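> Fold the stuff below for me.
(4 chains)
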Amino acid sequence: MMDSHTAFVAASYAAAALALAGLVGWIVLDQRIQKRAMRDLESRGVRRRSESKADKKS
Amino acid sequence: MMALFVRDVRLGLRAGGGALVAVLFFLAVIAIVPFAVGPDLKLLARIGGAMLWIGALLASLLGLDRLFQADRDDGSLDLLIMADRHLLPVTVLVKCLAHWFVSVLPLVLAAPLLGLFMNMEPKAIGATTLTLLVGTPAITFIGAVGAAVAVALPRGGLLVSIIILPLTIPVLIFGVSAAYGAMDASAAFLPPFLILAAITLFFAVLGPIASAAALRGSAD
Amino acid sequence: MNSAASRSGRWVDIANPTRFLDLAGRLLPWLAGLSTLALVAGLWMSFQAPDDYQQGSTVKIMFIHVPFAWLSMMCYTIMTLAALGTLVWRHPLADVSAKAAAPIGAVFTALALITGSLWGKPMWGTWWVWDARLTSVFVLFLMYLGIIALNRAMDDAAKAARATAIITLVGFINIPIIKFSVDWWNTLHQPASVLRAGGSTIDGSMLRPLLVMALGFTLLFFTLHVMAMRNEIWRRRITAMRRIAARGAERGRAE
Amino acid sequence: MRPCGEMILHGRGARKSGLLMRLVAENLGGERNGEVLFSGLGFSVAAGEALLVTGLNGSGKSTLLRIIAGLLPPSEGSLQMEALGDEYGSIADAAHYIGHLNAMKPALTLRENLEFWRQFGGAGPGRGRRSIDDALDAVGLAGIDDLPFSYLSAGQKRRASIARLLVVHRPLWLLDEPTSSLDSQSEQRFGQLMRDHLGDGGLIVAATHLPLQLGKSREIRLGAEQHAS
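Okay, here's the model as predicted:
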């Protein structure tokens, strides 16, 4: 038998799913932005200082 | 003009995070109330609407002093004033709307949640949120005048608040009485609510005009 | 020389952000997979679980509320350790870890509050009461947001790291207050039932889904934390590279 | 009344594109904080001409430019723009002003900053990208348009300011020490940009203590009367 509290249970699971999906989505989106920026810079030939130093040594 | 709105919204959301600070201040003020008056749920429900209004009022004053000062500090303000193709009051109005959108609208959206903390009834929460939505733009428009007057002062923040607070009293009176009108059968909701809307519209005209005059005078 | 160092596999190695990125890349699929597995299993178990004779079906809210509450405190503890790492050992990753954890912790704390009040409405008859446990968790939520705001307000990453580390350390006093508030004050919130001296007070049919859910959410937290840390490391590298690009543009022009 | 008469007078020299723009100052006086910096100043700058304002520090160069830009009221005298046309509402509206500050937001990228000033200045939405690219190219900032403004060096920031002159057309350029923190190569490029602007029938009023690389230009020296006469 369903009791009257099912709505509250459903609401809390829905809220949790929504918030966590938002969090995961945000982090994945951020990851995509950073990766794209990284690729842009690298394709332009920009390197980090530590990398360019290593290049000079070798 | 849309460009100015977009720029100010973008600046508000990016680095600095004025919106987050205002909401946080609002949350903190409301969290303090139960400690001050005691956790009596009936009492909290009764004063809830007024507390939300005071919290939102103080929080919406927070970033106001930077409204024009940020533009003055980097020289943009000169160019905004020079652009006579846009009327300066309209420019000010757009800046106010952008500020309201970024820094004050989140407060209005947070209000229902805080209403739950204050143990308010759903109807009272709805009414208070509605009055905040209609009334807070007036605070921003009044605040713009203070911000424009104090634009050249290095520490204008406190002064802006002191100048503005007395002027916002009418907004507070009608906002809170409309919120109570919805809760209490013996009081009316609509008349104070309409007056509140009228105050906002009035200051939407007067505020930008007065700020524009102050900004023109402040240039040096 | 890289292989020799990584074979020694000491924690010191992870101090190097590049090594951390390598490790994170290898670890993340496993973490994500395991947490999905545990969460699916936990969800299934929690729907199978019987209703409580007192709480009815709302006991199912506990299966997510308790893990969220536990993670909100664990996340803050991790941030406190990271703050120590920033201030005492000046560990290069400590600040990254603290900064990445704060938003995740804020979400878990918000969920603990939301699910708590969704439980409280049918059980206590009110969404919210200002008792010690609820209030201290609300204060924790405010502290997360404050730390995020403080960190965002400062341009200089190193200065922001120190300032937030100090605030995080000061704020840690709230964690024991949350933990023991139910014992110290007579509150509406029920006392601890899973972790307590003298064994758990809840039935195995309830405890098992709860523990599996807790495991799943903890794994989810670490997955997200490592991902966010990786993003933050990348973000800082990009900032550094952009500054180099700005200078490089000048050099290119002069030639 | 007087400016009206003059407008008719100069109307005879109108080019086919319309009347010749001319900025005329008569008996202009400026003061700051109650102190009179200059008075009785008269000059005129016609389309294609540049006026250099020189003088010692504190002689009122910046004040004069801000008066022309409409940011300060003159303490006496009058300032007119002849043949301003319907397109511009006032002298200020027809002017680009580069002050000591760059009027750019550090948190926005170079392109976002320029795009804002371009749209705010009334340029239509079309052909925007091209013209910003051109402007950045002209000042040697091409390729770093997506960097936040705060990452740029002082010279790069100044050049971004100069790029702002190019994204929207304004006949009158008011330049206050425009070459500060520019290297010699950028200065030369900027000189070329100014000569192009003059060739297009633009007007330039520049306050400087360094020689700008302009071909022909007139010069007024503020605060000189004490020494010269």
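> since we're on the nearest residue to residue D:117 once chain neighbours are set aside, how many residues are nearby?
What sits nearest to residue D:117 in space, not counting adjacent residues and going by CB to CB, 6 or more residues apart in numbering or on different chains, is residue D:164, at 5.2 Å. (C-beta placed from N, C-alpha, C; glycine too.) The local packing of residue D:164 (other CB atoms under 10 Å in any protein chain shown) involves 24 other residues.
> Residue D:164 and chain C, how far apart?
Residue D:164 sits 18 Å away from chain C, going by CB to the nearest CB, to the nearest Å.
> which residue does chain D bring closest to chain B?
Ranked by CB to the nearest CB, the top residue of chain D for proximity to chain B is residue D:101, at 2.8 Å.
> Find the helix or strand that that residue is a member of.
Per DSSP states H and E, residue D:101 falls between elements, in no helix or strand.
> what's the weakest-modelled helix or strand in chain D?
Every helix and strand of chain D was ranked by mean pLDDT, DSSP states H and E. The lowest is helix D:2-11, at a mean of 35.
> Correct me if wrong: the residue nearest to residue D:117 contacts residue D:96.
Yes - at 7.1 Å, residue D:164 and residue D:96 qualify as touching, with contact defined as CB atoms under 8 Å.
> Tell me where chain D has helices.
Assigned by DSSP state H, the helices in chain D fall at D:2-11, D:61-68, D:110-120, D:128-138, D:154-167, D:184-199, D:225-228.
> which stretches of chain B aren't confidently modelled?
B:15-18, B:219-220 (pLDDT under 70).
> can you do 50?
Residues of chain B meeting the criterion pLDDT under 50: none.
> give me the residue from it nearest chain C.
Using CB to the nearest CB, the single residue of chain B nearest to chain C is residue B:39, 3.7 Å away.
> Three-state assignment for that residue, please.
coil (DSSP: H, G, I helix; E, B strand; the rest coil).
> For the stretch 101-250 of chain C, which residues are neighbours of chain A?
C:103-104, C:107, C:110-111, C:114-115, C:118-119, C:121-122, C:220, C:224, C:227-228, C:230-231, C:234-235, C:237-238, C:240-242, C:244-245, C:248 (CB under 8 Å from any CB of the partner chain).
> Out of these, list just those in helices.
If you go by DSSP H, those have C:103-104, C:107, C:110-111, C:114-115, C:118-119, C:121-122, C:220, C:224, C:227-228, C:230-231, C:234-235, C:237-238, C:240-242, C:244-245, C:248 in helices.
> Report how many residues lie close to residue 33.
Defaulting to chain A. Neighbours around residue A:33, by other CB under 10 Å: 14.
> Sorry, I should have been clearer: chain B.
22.
> Then residue D:119?
20.
> and the gap between it and residue D:68?
25 Å (CB to CB, to the nearest Å).
> which parts of the helix or strand hosting residue C:67 are buried?
Residue C:67 belongs to helix C:59-84 when assigned by DSSP H and E. Within helix C:59-84, the residues that count as buried by 16 or more other CB atoms under 10 Å in any protein chain shown are C:59-76, C:78-80, C:82-84.
> Check the residues you listed one by one and keep those near chain A.
Counting by CB under 8 Å from any CB, the members of the buried residues of helix C:59-84 near chain A are C:60, C:61, C:64, C:65, C:68.
> Tabulate those residues (a markdown table), appending distance to residue C:156 and pLDDT.
Shown next, in a markdown table, are these (distance: CB to CB, whole Å; pLDDT from 0 to 100):
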| residue | distance to residue C:156 | pLDDT |
| --- | --- | --- |
| C:60 | 47 | 82 |
| C:61 | 43 | 86 |
| C:64 | 39 | 89 |
| C:65 | 39 | 91 |
| C:68 | 34 | 93 |
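> what's the closest of the residues you listed to residue D:36?
Closest approach between those and residue D:36, by CB to CB: residue C:68, at 70.8 Å.
> Hmm, residue C:218 and that closest one touching each other?
No - judged on CB under 8 Å, residue C:68 makes no contact with residue C:218 at a distance of 10.8 Å.
> Turn the helices of chain D into JSON lines, including distance to residue D:83.
Shown next, in JSON lines, are these (distance: least, CB to CB, whole Å):
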{"stretch": "helix D:2-11", "distance to residue D:83": "7"}
{"stretch": "helix D:61-68", "distance to residue D:83": "17"}
{"stretch": "helix D:110-120", "distance to residue D:83": "25"}
{"stretch": "helix D:128-138", "distance to residue D:83": "26"}
{"stretch": "helix D:154-167", "distance to residue D:83": "21"}
{"stretch": "helix D:184-199", "distance to residue D:83": "17"}
{"stretch": "helix D:225-228", "distance to residue D:83": "31"}
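> Might you enumerate the residues of chain A proximal to chain D?
So chain A meets chain D at A:40, A:44 (CB under 8 Å from any CB).
> Fine, thanks again, bye for now.
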